[in-house]
Structure formats: structure tokens, C-alpha cells
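Novice: structure of the sequence below:
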Amino acid sequence: MRDIPHISRFDDRVVLVTGAASGIGRASAIAFAELGASLSLVDKDAAGLADTTAAIAASGARVLQIVADVTEVDEVAEMVTRTVVELGGLDVAHNNAGVAGPYLPLADYPEEDFERVLAVDLVAVWRCMKHELAHMRRQRKGAIVNTSSMLGVAGMPDNSAYAAAKHGVHGLTKCAALENGAAGIRVNAVAPGVTRTAMTSAVSDELLHRVPMQRIADADEVAAAVVWLASDAASYVTGSILVVDGGYLA
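Specialist: As a prediction, the model looks like this:
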């Protein structure tokens, strides 16, 4: 029988993480570093990137910091190129950068806010994958994990833009998995529930009461799912959406 590996180390692998300055991106960067990966950390927030780098310094990991905006075509292309050139490759990408947008009824949602949420949470994920896959297809291997949300599976009142974007991420993830499986590339998404990050600082008691585990997730709990999806332990997993929501959708 084929040996089934536990979560493997990432020695000699290069991992790119967007939205790495805080929250789930920061947690996943730390987790990958502790498992031996070389890290390419991307965010608009230069100070936050420096803090994440400092947090993983003890691991001795190689770290490349790239201040970039994932809504800018040239900056995304450059972040992938710099990662490959300066770190020697690209084995794993965690496309995590995102914004929440305002909480308003669909009929009252401002055009500019709706467009911004889709630009960051959906179009930028497509853009990142486009450039990441171009490299991974040449080397015929790789793993991509997109950060989605439980709202990629269900709806929520007053959160139409975010839910629409995350539903779209699921479609992108599945299409990319179908298109690239034969090239040795796996593409999956993690769909967190309510997670302790700056984006969810205003979580209501009513929402928490609907979580069977009666608490919100820590970012490192979601990061553990990201690492598993990217690891050899998930070698036959592609096109999947891993919901990490404390049972909310059950």
C-alpha cells in the first residue's frame, strides 16, 4: 500500500503568502516557517510585514518581504517573478489577502465599495493564481490554497459583496484544479468561519450563538488547515473547499 504521510516539512520549498502582515496570512507564514519553508511575504502594509518577519526570525527561515497591492496587475506579476528569482522557485502559494467591506443591505450597497470588495477578494485571487500557475505549470508541480470563507458556501444578510466574492473564489478554485491536475498542481481553498482577526473585531453575540463550539477560531487554527492542504499529506486533495467554522454550517 502507498504510505500516507503526516503533515510534511517544507524544507527546500518556497511558499508565497499574500496578506501576510496580519491575521490568517501572518499565522500561516509562521506555521510554514516553523516547518522549514522559505517565505515570500506580500502585503500593502510594510510595517505589518516587518512584524511578521520578526515573529518568524527564531525559525531561521529565509524571508523575502514584498510590499505590493494585489489589485495592481504589474505588482502581482513582479511579486511572483521576484519570488522565483530571489528564492529560487515557487512551490506553494497561499492567496489570502482580503477585505471585508461595509455591512449594508444589498439595495443600499455603494457601487465603489462593492467593486472594491470584488477587486480584492475575487479578481485579485484570479490574478495571483494566473501568475503563480504560469510558473508552476513550467515546473509541473505546486500547491495553491486560497482563503475563502464560510460565506462562500452560504449567504448572510448585509454582506452581499463579500459573499459574492467568496462564492466566486470557490468557482475559481475548482476550475483551476480541473485545469491543472494533470500538470501535478493541486488547488484548494480553506473556508474559515468567524476567526479572531482585525477584520472580525466587531463580531456580534448573535453570530457567536450560532457556532456550536461557542467560540471563534484563532488564526493559527485556520493556518493549520492551510498547511495541511499545501502538504504532501493532502497529496490526493484538489478542487476541495475545507470549511473551518466550528460547526456553523452544520
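Novice: any low-confidence regions in the chain?
Specialist: 1-7, 198-206 (pLDDT under 70).
Novice: for the chain, which strand is longest?
Specialist: strand 185-192 (DSSP state E).
Novice: partner strands of that one, with direction?
Specialist: Partners of strand 185-192 in the sheet, by DSSP bridges, are strand 142-147 (parallel), strand 241-244 (parallel).
Novice: those strands into TSV, with extra columns for distance to residue 27 and mean neighbour count?
Specialist: C-beta here means a position set from N, CA and C on the backbone, and glycine is covered the same way. Formatted as TSV, those follow (distance: least, C-beta to C-beta, whole Å; neighbours: other C-beta atoms under 10 Å):
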stretch	distance to residue 27	mean neighbour count
strand 142-147	11	27
strand 241-244	12	19
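Novice: now the strands for this protein?
Specialist: Using DSSP E, strands in the chain cover 14-18, 38-43, 63-67, 92-95, 142-147, 185-192, 241-244.
Novice: between the ones you listed, which one is closest to residue 208.
Specialist: Closest approach to residue 208 among the strands of the chain is made by strand 185-192 (14.4 Å; C-beta to C-beta).
Novice: where's the residue nearest in space to the middle of the chain relative to residue 158, distance?
Specialist: For the chain, the residue nearest the mean C-alpha position is residue 96 (2.9 Å; C-alpha atoms, centre = their mean). As judged by C-beta to C-beta, to the nearest Å, residue 96 and residue 158 stand 24 Å apart.
Novice: please apply the same query to residue 130.
Specialist: 31 Å.
Novice: picking that back up, centre of the chain to the longest strand of the chain, how far?
Specialist: From the chain centre to the centre of strand 185-192 is a distance of 8 Å (C-alpha atoms, centre = their mean, to the nearest Å).
Novice: stretch 43-58 now?
Specialist: 17 Å.
Novice: could I get the CA-only coordinates of that stretch as PDB?
Specialist: Extracted C-alpha coordinates of stretch 43-58, given in PDB (Å, rounded to 0.1, in the frame of the first residue of the first chain):
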ATOM      1  CA  ASP A  43       1.200  42.900   1.800                       C
ATOM      2  CA  LYS A  44       0.500  46.600   1.300                       C
ATOM      3  CA  ASP A  45       1.400  47.100   5.000                       C
ATOM      4  CA  ALA A  46       5.200  47.400   5.200                       C
ATOM      5  CA  ALA A  47       5.200  47.700   8.900                       C
ATOM      6  CA  GLY A  48       3.000  44.700   9.400                       C
ATOM      7  CA  LEU A  49       5.300  42.700   7.100                       C
ATOM      8  CA  ALA A  50       8.200  43.600   9.200                       C
ATOM      9  CA  ASP A  51       6.400  42.400  12.300                       C
ATOM     10  CA  THR A  52       5.600  39.100  10.700                       C
ATOM     11  CA  THR A  53       9.200  38.700   9.700                       C
ATOM     12  CA  ALA A  54      10.300  39.400  13.200                       C
ATOM     13  CA  ALA A  55       7.800  36.800  14.600                       C
ATOM     14  CA  ILE A  56       9.400  34.100  12.400                       C
ATOM     15  CA  ALA A  57      13.000  35.100  12.900                       C
ATOM     16  CA  ALA A  58      13.600  32.400  15.500                       C
END
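Novice: name the surrounding residues that touch it.
Specialist: 18-22, 25-26, 29-30, 33-34, 39, 41-42, 63, 65-69, 97 (C-beta atoms under 8 Å, 6 or more residues apart in numbering).
Novice: swap the cut-off to 7 Å and go again
Specialist: Identification of contacts with stretch 43-58 by C-beta atoms under 7 Å, 6 or more residues apart in numbering yields 19-22, 26, 29-30, 33, 41, 63, 65, 67, 69.
Novice: how about stretch 123-142?
Specialist: 18, 70-71, 73, 76-77, 80, 84, 90-93, 95, 97, 144, 146, 169, 172, 176, 180, 183-185.
Novice: go through that stretch and flag the buried ones.
Specialist: 123-129, 131-133, 135-136, 142 (16 or more other C-beta atoms under 10 Å).
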